[in-house]
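Enquirer: Just need the structure, nothing else, for what follows:
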Amino acid sequence: MCPQIYKEVGGTLQCLSLNMYVPQTINTRRAVLVWFPSYFKHGCASDYGGQHLVKEDIIVVVVNFRLGIYGFSCLNEPAFPGNTALRDQDAALRWIKNYIHKFGGDPHAVTIGGQGYGGGFVDIHMYSEFERLYDKAIIQSGSIFAKGFFGKSNPSSVLKIAKHLGQTIGKNTRPRDVLPFLSKIDPVKLLNVSNILDIKVNICKEQYYKSGIQNFITKGPHHLNKLDKIKDTKILVGYNSMELLGVYVQDNNNTPEFYKSLGNVFYKRISQTFQLSEKEKQELTKRIRKFYLGGQEMSPATRIQLIESSSDLYVNHPVEMSVDRFIHAGATVYKYLFSYTGDSQFKNIKGSGASNEEELKYLFEMKTKIKGGEGGRIRNTLIRLWANFVKYGNPSPKGKPSWSKVTGESRPYLDINSETQMKNNVFRQRMAFLDLLFYNDALAPGNQGLKDQIAALRWIKESIGAFGGNANKVTIAGESYGGGSLDLHLYSIPQSYYKNLGDVFSNYLKDNFVLREYEVDSVSDIFRRFDLGGKSIGPESMLELIDLTLDYKLNNAAERSVNKLTEQGGQVYKYLFSYVGGSVYKNVTGVGAMHTEELKYLLCNELIIEY
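Expert: Numbers count the residues shown, from 1 in each chain. From the prediction side, this is the model:
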């Protein structure tokens, strides 16, 4: 056991060991599953028994690696570059590649797997600058994008620990100066001090050194663009139906006091994720809160909604972001959702689902036991699917159950429950909503047309006086897309070229966010039910379709702009143009003034007004 402080206190730094589970007969080259436990500070490989998986004729290897400050400190020092635990895992993979054949294993058929942080370890190995020592990957409820997985270097941490232990720390003391002192301290004592000082441990991007030290990872998760190692990799990935259920349903966690203690959980997550102004954080928090809770307060009555939102923000959507990256890189991806709750301690809670780690007791022999009957059947199904993937790169090579691959256009997944079946787009509305937040790239170049308009306004300000114009009384105006351009100029460069707003018309601006292709069905279903009710698309629903198109493309965008302008203190005069006396459609029952109808009354154009 590696040094740690938890229910058990102790351990030794000579802990880089492998727990290996091998079928009784060693007579062939078997596929190998290498499992990384979900540990940063405490845990042991013996927590995961591979007895059930080896019955499917595979070898299971569970890796021990250093924990806490020994495994996850980044000191920006050549002697201690960071991510030691990941290097331990790589050393284990290297040993397996060289020696697994002696145990009947195939060094060319190695799958790395993990759950939670362990799944994150698997994810990050696919971007490592080290040699690739595996051919397939299993990621359960983990992602490099998950909160708390990736963080900053922490060179000052060892200085704080050394000072706490009595070492004199001067202004110019460097981490390397205290390492000899700390190396003589009992590891358990050192870990205890790190806990007292609340030293954070995480994966970090390493500094680049010219001294021949090989870096494991040198970029943060959002900047990892080296995808060649992922191409053609077979990946099995997914999560559970209610990941953070356990946080909210413990004995003391269903009281008004508990919900009050949560504070603003949405604001906290936004602050941890986005670099925004205080006002932008508050606005984004308000939108997320409204989406998940509606107008309700955080309380026992909104427990399920809070569980869903926390699960989405901390687990589900980070995994979906990893899936997007895998597909973009050209990987073969099989996706699942584990929903079975038959042996869950929370199964009697109304509206609950499978919590974090719920699936592990079906894959491994663990302290938490399952009952026979249906639970035993779920275990057999899960083990067979996982073992098939380890052996063949396909969890269901014979098509029972059918398991379709994820593509760029669709997100099929296997829902593992009492009735295991294929479904499409897990939590599609919730994931689509979060896509709107996370895939909005404000740094994307372009908008050359807007830049041309700015150049024109600059010229007008400088030269309009020569034509008798007042450069300090410039009104910008536009209709449709022109109105949208005007709207954007209000939030553009700080210099102002206008005093009064002219006629503000809306254009069909895309939201500030972009939906992935496969979410189109989700959104269209919502609109169809709301606007058409039970009607089919046809002549009988013409007016409803007109309303839908106008609301989606024009009206709602204009109203949002009005709200924004009002919030910013603008003086807004609003109108609705309804006159149809000169319209070519004036005799159609139920219609009103169409798009651009008012322009022929304002400007000279090809449309003739009858008097």
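Enquirer: For the stretch 351-500 of the chain, give me the ranges with low pLDDT.
Expert: Along the stretch 351-500 of the chain, the parts satisfying pLDDT under 70 run over 439-452, 479-500.
Enquirer: where along it do the strands fall?
Expert: 412-416, 421-424 (DSSP state E, counting those that start in this stretch).
Enquirer: Tell me which of the ones you listed approaches G295 most closely.
Expert: strand 421-424 (30.5 Å; Cβ to Cβ). Just so you know, the C-beta spots here come from the backbone N, C-alpha and C atoms, and that holds for glycine as well.
Enquirer: Partner strands of the closest one and their direction?
Expert: Strand 421-424 sits in its sheet next to strand 412-416 (antiparallel), going by DSSP bridges.
Enquirer: Reformat the strands of the stretch 351-500 of the chain as TSV; add distance to V562 and mean neighbour count.
Expert: Formatted as TSV, the strands of the stretch 351-500 of the chain follow (distance: least, Cβ to Cβ, whole Å; neighbours: other Cβ atoms under 10 Å):
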stretch	distance to V562	mean neighbour count
strand 412-416	41	21
strand 421-424	37	12
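Enquirer: Turn those into JSON lines, including distance to Y99.
Expert: Listed next are the strands of the stretch 351-500 of the chain as JSON lines, based on distance: least, Cβ to Cβ, whole Å:
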{"stretch": "strand 412-416", "distance to Y99": "34"}
{"stretch": "strand 421-424", "distance to Y99": "40"}
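Enquirer: which one of those strands lies closest to P187?
Expert: Closest approach to P187 among the strands of the stretch 351-500 of the chain is made by strand 412-416 (40.2 Å; Cβ to Cβ).
Enquirer: I'd like to know which of the strands of the stretch 351-500 of the chain is closest to K219.
Expert: Closest among the strands of the stretch 351-500 of the chain, using Cβ to Cβ: strand 412-416, at 29.3 Å.
Enquirer: where does L236 land in three-state SS?
Expert: strand (DSSP: H, G, I helix; E, B strand; the rest coil).
Enquirer: Settle this for me: it is touching G119, isn't it.
Expert: No - the pair L236 / G119 is not scored as a contact, 10.6 Å apart, by Cβ atoms under 8 Å.
Enquirer: Now list whatever residues contact both of these two.
Expert: Shared contacts of L236 and G119, defined by Cβ atoms under 8 Å, 6 or more residues apart in numbering, are found at 138-139.
Enquirer: More neighbours: the two, which one.
Expert: Remark: of L236 and G119, G119 carries more neighbours, 29 against 26, as counted by other Cβ atoms under 10 Å.
Enquirer: nearest spatial neighbour of that one, skipping sequence neighbours?
Expert: Spatial nearest neighbour of G119, excluding adjacent residues (Cβ to Cβ, 6 or more residues apart in numbering): G142 at 2.0 Å.
Enquirer: Local confidence estimate at that neighbour?
Expert: pLDDT, G142: 96.
Enquirer: tell me the SS of it?
Expert: coil.
Enquirer: ok, and the helix or strand in this protein with the lowest average confidence?
Expert: Lowest by mean pLDDT, DSSP states H and E among the helices and strands of the chain is helix 520-527, with a mean of 52.
Enquirer: could I have the helix or strand just after that one exported to CSV, CA atoms only?
Expert: Downstream of helix 520-527, the next assigned helix or strand under DSSP states H and E is helix 542-550. Extracted in CSV, the C-alpha atoms of helix 542-550 (Å, rounded to 0.1, in the frame of the first residue of the first chain):
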residue,chain,number,x,y,z
MET,A,542,-49.4,27.1,-42.1
LEU,A,543,-50.1,30.0,-39.6
GLU,A,544,-48.5,28.1,-36.8
LEU,A,545,-45.4,27.4,-38.9
ILE,A,546,-45.2,31.1,-39.8
ASP,A,547,-45.4,32.0,-36.1
LEU,A,548,-42.7,29.4,-35.3
THR,A,549,-40.4,30.8,-38.0
LEU,A,550,-40.9,34.4,-37.0
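Enquirer: So which bits of helix 542-550 are buried?
Expert: Using 16 or more other Cβ atoms under 10 Å as the test for burial, helix 542-550 gives 544, 548.
Enquirer: Just the mean pLDDT for it, thanks.
Expert: 73.
Enquirer: for the stretch 201-350 of the chain, what are the low-confidence residue spans?
Expert: 251-252.
Enquirer: Please apply the same query to the stretch 51-200 of the chain.
Expert: Judged by pLDDT under 70, no stretch of the stretch 51-200 of the chain qualifies at all.
Enquirer: where exactly do the helices run in it?
Expert: 68-72, 84-99, 117-125, 156-164, 175-182, 187-196 (DSSP state H, counting those that start in this stretch).
Enquirer: and the angle from the fourth one to helix 175-182?
Expert: Using axes from the mean of the first three to the mean of the last three Cα atoms, to 10 degrees, the direction of helix 156-164 lies 50 degrees away from that of helix 175-182.
Enquirer: Using CSV, write out every CA atom in helix 156-164.
Expert: This file holds the C-alpha atoms of helix 156-164, laid out as CSV (Å, rounded to 0.1, in the frame of the first residue of the first chain):
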residue,chain,number,x,y,z
SER,A,156,5.2,26.6,-3.0
SER,A,157,3.5,23.5,-1.4
VAL,A,158,6.7,21.9,-0.3
LEU,A,159,7.9,25.2,1.2
LYS,A,160,4.8,25.4,3.3
ILE,A,161,5.2,21.8,4.5
ALA,A,162,8.9,22.3,5.3
LYS,A,163,8.1,25.5,7.2
HIS,A,164,5.4,23.7,9.2
